[in-house]
Structure formats: C-alpha cells, structure tokens
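Peer 1: could you look at this predicted model? Sequence included:
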Amino acid sequence: MANTKSSKKDLKRSAKKRAVNQSVKSALKTQVKKVKVAVKAGEPTTELLVGAVSALDKAVQRGIIHKNQAARRKSRIAKAAHAGGAVVKTEKPVAAPAEKKVAKPKATAAPKAAPKPKAAPKAKPAPKAKAAPKK
C-alpha cells in the first residue's frame, strides 16, 4: 500500500484511468467484431468500417493503444471487408483537370532584425575558505 499522500492519489488516479482505458479497448473490440460479422453475413460494411477505423485512430491519439497495433487492426479488417466484397464503393465525381496556375514571384520582404545576443551566464561565487585547524 502507498505511504505518502501523493502516491495514494496516484493510485486512485491510475485506477480511474485504467477503468476508462479498459472500456475504450472493449468498445474497440466490439466495433472490429461488428465489421467481421457483417463481412461474413455479406452485408455492406462501409459505415461500420469507417466507424471502427475512426475509433482506433482516436484511441491512438489518446495513448490507449499503440499506433502499430491500430494500423494492424485497421489493415486486417479492411482486408477482410474488401476480400468479402462487402465494402460498398462509392463513385466520386471526377473533376475536370484544373488549369495550371503560374506561380507569381514572391514579394521581397524587409530583412529580419538580427537576433538578440544571449545574456552572459552569471558568475559563480568563489568557494568559501576553510578555517585553519585548531591546535
């Protein structure tokens, strides 16, 4: 058991964080499982896949899972969804090729001011002289 006040607080804090992290991990597993079940059933999984990928990315940002683990999970569910043919491919309208823009020369700006010189470090005080030994 913790002895100091701060370590007792740390224990409480880490217990709360652990509970939240476990619930997020459980939700991730559920979403991934929903995608896999939908693929086996032959249902369209585009929305489920997008939701699962988004949840995995959010978990990475919050530091709940490692980025490589998220990448591996995303890769596996996407591969399963595409192999099962359950992903609905949406046709994006193809835009006409835009005209090439000619780069305009940049206006020259005034030269930047020289950086301020750094302050010299403070001199250390001289060490105190030791007293002569008594005889």
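Peer 2: Perfect, I can see it now.

Peer 1: all contacts plus neighbour counts: C-alpha atoms, from now on.
Peer 2: Fine.

Peer 1: helices of the chain, start to end?
Peer 2: 5-41, 46-61, 67-83 (DSSP state H).

Peer 1: among those helices, which comes closest to Pro127?
Peer 2: Closest of the helices of the chain to Pro127 is helix 5-41, at 37.5 Å (criterion: C-alpha to C-alpha).

Peer 1: report the mean per-residue pLDDT for that closest one.
Peer 2: When pLDDT is averaged along helix 5-41, the result is 93.

Peer 1: can you pull up the most central residue in the protein?
Peer 2: Gln61 (2.8 Å; C-alpha atoms, centre = their mean).

Peer 1: now do it against Ala70, distance only.
Peer 2: 11 Å (C-alpha to C-alpha, to the nearest Å).

Peer 1: now do Lys5
Peer 2: 37 Å.

Peer 1: more neighbours: those two, which one.
Peer 2: Ala70 (19 against 8; other C-alpha atoms under 10 Å).

Peer 1: got the contact list for that one?
Peer 2: Leu56, Asp57, Val60 (C-alpha atoms under 8 Å, 6 or more residues apart in numbering).

Peer 1: so which of the residues you listed wins on neighbours?
Peer 2: The member of the contacts of Ala70 that has the most neighbours, counting by other C-alpha under 10 Å, is Leu56 with 27 neighbours.

Peer 1: return the most buried member of the helices of the chain.
Peer 2: helix 46-61 (a mean of 18; mean count of other C-alpha atoms under 10 Å).

Peer 1: now do that one, average pLDDT.
Peer 2: Averaged across helix 46-61, pLDDT comes to 93.
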